[in-house]
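>>> please find the sequence and the predicted model below.
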Amino acid sequence: MRFCPKCGSKNIDWVLPQTWSKYECKDCGYIGVFIIDDGEIAEEIKKEYLKNNKMIEG
Ligand SMILES: [Zn+2]
């Protein structure tokens, strides 16, 4: 299982521009090579992301 390193979402797609493999997150728009494959770390990221989003929303 792979997770977004920005928001911890599982909703990611693998995009292949030429030779460089990248991932795209459908939830937060993250695009990059780095990806999380540890569910526990992903949970922590998700919590932090949601907390930060709440702070931004006010
Ligand atoms: Zn994401």
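Noted; the coordinates are in hand. Numbers count the residues shown, from 1 in each chain.
>>> run a quick neighbour tally on the closest residue to residue 28 other than its chain neighbours.
Nearest non-adjacent residue to residue 28, counting by C-beta to C-beta, 6 or more residues apart in numbering: residue 7, 4.1 Å away. Quick note: C-beta positions are derived from backbone N, CA and C, even for glycine. Residue 7 has 21 neighbouring residues, counting by other C-beta atoms under 10 Å.
>>> repeat that for residue 4.
Count around residue 4 with other C-beta under 10 Å applied: 26.
>>> what residues are up against the closest residue in space to it that isn't next to it in sequence?
Excluding its sequence neighbours, the residue lying closest to residue 4 (C-beta to C-beta, 6+ apart) is residue 25, at 4.0 Å. Contacts for residue 25 (C-beta atoms under 8 Å, 6 or more residues apart in numbering) come out as 4, 6, 7, 9, 11, 12, 31.
>>> now do the strands in this structure.
Ranges of strands in the chain, per DSSP state E, are 12-15, 22-25, 31-32.
>>> hey, what's the residue nearest to residue 4 bridged with?
residue 12 (DSSP bridges).
>>> for residue 20, which non-adjacent residue is spatially closest?
In space, residue 20 is closest to residue 33, 7.2 Å off (C-beta to C-beta, 6+ apart).
>>> need the pLDDT of residue 53.
Listed pLDDT for residue 53 reads 84.
>>> how deep is it tucked in, by neighbour count?
Neighbours of residue 53 under the rule other C-beta under 10 Å: 11.
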